[in-house]
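Trainee: Sharing a model that was predicted from the sequence below.
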Amino acid sequence: MEDQLRDQLNRPLRDLRISVTDRCNFRCRYCMPAELFGKDYAFLSQEQILSFEELTLLVREFVALGVKKLRITGGEPLLRKNLPDLIRQLTAIEGVEDIALTTNGVLLPQYATRLAEAGMKRVTVSLDSLDDERFRQMNGNRSGVQAVLDGVDAAAAAGMQVKMNMVVQKGVNDQDVVPMAVYFREKNHILRYIEYMDVGNSNGWRLEQVLSSKQIVDMISEHMPLVPVAANYKGEVASRYRYADGSGEIGFISSVSEAFCSSCTRARISAEGKLYTCLFASRGFDLRTLLRNGSTSLDIRRAIYDVWAARTDRYSEERATNTQTAAKVEMSHMGG
Ligand code: SAM
Ligand code: SF4
Ligand code: SF4
């Protein structure tokens, strides 16, 4: 079945992002602002979220349709109880070539060894500033910088490859762009700068708050000259650079200034089992009902096939002319 599966823009299905929880121990202003995600917020119940068995069954069907790479995300995925058990189940699926985790890092000292033992090879840790005060302002005062750096060290010590993600917001943390580059060059971890995006409805995004990758490259080049590096593979999301002396690597994810929808091979499933074919979707396809109403695995595969085959998403390419009025699903819910 997977050989023919292409969406309406001829894109195959290759990557799956799996949100294992919609909860988070941070309240980053650009993702889950505290005033909207307060103590009365209705997070998903245990019953609503997919079990590890349900997720494993689903992933098998996605793999049968062409998925090769998995990324575990959330919310904060390390809040999901017994996550290493899920990782063990997923890495055992034949056809899964790569599995990675995106995390805010603070729980890594507790879980890194177990994750590595379960087969996790790579983690991406999000960190937006090396300045404690600014970082606390950005994450809703939930963590200082050192707790994240301890998580990074724990992941590296457990033998996992570590990449760093930094979301850059003009007027908020642009002064951290160069210090972050210097620090992680020395630490020898790849740092990726992410343009601030208009995900969800709660962060009040404005184009003026976006610092483009080009502007970031220029800022860093003034201190440490950069040279572009060829992509690792077709459709790689980050454009990569090395420092001119051959050391280090950094990447840029330019979802706003240089949309990459034409090569987007990524699907997402939320913790409650909705399938989304775009980060900016306003609706998902309910796979949980199929999982729980006695549908066969072939029925489920067929449903995923049909959703992907009908896909026309190219939100970022259309952003400037977009007239979408339907509310978008929050990134913490869908999985970032
Ligand atoms: N909690 C984990 C974390 O922060 O790494 C995983 C989930 S988080 C939604 C995944 C990634 O999305 C993080 O690197 C985060 O910085 C990024 N992100 C969240 N909101 C964003 C936005 N508005 N624009 C760009 N990136 C965003
Ligand atoms: Fe939590 Fe990650 Fe969103 Fe920050 S970006 S609020 S750490 S889910
Ligand atoms: Fe893929 Fe949607 Fe992002 Fe375009 S906007 S790259 S289709 S997730």
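Mentor: Looks like it came in fine. If you're wondering where the values come from, they're calculated on a predicted model, not measured in any experiment. Numbering: from 1, shown residues only. Ligands and ions are numbered 1, 2, ... in the order given.
Trainee: At the geometric centre of the chain, which residue sits there?
Mentor: With the centre of the chain defined as its mean C-alpha position, the nearest residue by C-alpha atoms, centre = their mean is G336, 3.8 Å away.
Trainee: Need the distance between the two termini of stretch 127-142.
Mentor: From the first residue to the last, stretch 127-142 extends over 13 Å; the measure is C-alpha to C-alpha, to the nearest Å.
Trainee: What are the buried residues along it?
Mentor: Along stretch 127-142, the positions that meet the burial threshold by neighbour count (16 or more other C-beta atoms under 10 Å) are L127, D128, S129, L130, R134, F135, M138, N139, G140, R142. No exception for glycine: its C-beta is placed from N, CA and C like everyone else's.
Trainee: go on, stretch 19-32?
Mentor: 19-24, 26-32.
Trainee: Which ones among these also lie next to ligand 1?
Mentor: The subset of the buried residues of stretch 19-32 lying close to ligand 1, counting by C-beta under 6 Å from any ligand atom, consists of C24, Y30, C31.
Trainee: Restricted to helices, list these.
Mentor: Among those, no member falls in helices (DSSP state H).
Trainee: mind giving me JSON lines with those and columns for pLDDT and distance to ligand 3?
Mentor: Rendered in JSON lines, the data for those read as follows (pLDDT from 0 to 100; distance: C-beta to the nearest ligand atom, whole Å):
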{"residue": "C24", "pLDDT": "98", "distance to ligand 3": "21"}
{"residue": "Y30", "pLDDT": "92", "distance to ligand 3": "16"}
{"residue": "C31", "pLDDT": "94", "distance to ligand 3": "16"}
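Trainee: of all those residues, which comes closest to V63?
Mentor: Within those, proximity to V63 (C-beta to C-beta) peaks at C24, which comes in at 27.8 Å.
Trainee: With adjacent residues omitted, what lies nearest to the closest one?
Mentor: Taking C-beta to C-beta, 6 or more residues apart in numbering as the measure, C24 lies nearest to E76, with 4.3 Å between them; neighbours along the chain are not counted.
Trainee: Any idea how many residues pack against the one you found?
Mentor: Neighbours of E76 under the rule other C-beta atoms under 10 Å: 23.
Trainee: wait, doesn't A309 sit right on N10?
Mentor: No: counting by C-beta atoms under 8 Å, no contact exists between A309 and N10, whose distance comes to 11.1 Å.
Trainee: Looking at the two, which is more packed in?
Mentor: A309 (13 against 7).
Trainee: wait, what's in contact with that one?
Mentor: Taking C-beta atoms under 8 Å, 6 or more residues apart in numbering as the definition of contact, the neighbours of A309 are L5, R6, D7, Q8.
Trainee: burial of N232, as a residue count?
Mentor: When neighbours are defined as other C-beta under 10 Å, N232 has 9 of them.
Trainee: how much space between it and C28?
Mentor: Distance of N232 to C28, given as C-beta to C-beta, to the nearest Å: 28 Å.
Trainee: circling back to that earlier point, now intersect the buried residues of stretch 19-32 with the strands, please.
Mentor: When the buried residues of stretch 19-32 are checked against strands using DSSP state E, the ones located there are S19.
Trainee: what about the helices in the stretch 51-200 of the chain?
Mentor: 52-64, 83-91, 108-117, 132-138, 145-157, 177-187 (DSSP state H, counting those that start in this stretch).
Trainee: do the stretch 201-336 of the chain as well
Mentor: Under the criterion DSSP H, counting those that start in this stretch, the stretch 201-336 of the chain contains helices at 213-223, 287-292, 297-309, 315-318, 331-334.
Trainee: helices or strands next to the second one in the packing?
Mentor: Helix 287-292 is packed against helix 52-64, strand 274-276, helix 297-309, with contacts defined by 3 or more C-beta pairs under 8 Å, 6 or more residues apart in numbering; DSSP states H and E.
Trainee: Can you name every helix or strand that the second one contacts?
Mentor: The one in question is strand 274-276. Looks like strand 274-276 contacts strand 266-269, strand 285-286, helix 287-292 (3+ C-beta pairs under 8 Å, 6+ apart).
Trainee: Would you mind putting those into JSON lines with distance to ligand 2 and mean neighbour count alongside?
Mentor: Written out in JSON lines, the entries for the helices and strands packed on strand 274-276 read as follows (distance: least, C-beta to the nearest ligand atom, whole Å; neighbours: other C-beta atoms under 10 Å):
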{"stretch": "strand 266-269", "distance to ligand 2": "14", "mean neighbour count": "24"}
{"stretch": "strand 285-286", "distance to ligand 2": "23", "mean neighbour count": "17"}
{"stretch": "helix 287-292", "distance to ligand 2": "21", "mean neighbour count": "18"}
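Trainee: Give the burial count for the nearest residue to V256 once chain neighbours are set aside, as a bare number.
Mentor: Counting by C-beta to C-beta, 6+ apart, V256 lies nearest to E195, which is 4.4 Å off, once chain neighbours are set aside. When neighbours are counted by other C-beta under 10 Å, E195 registers 22.
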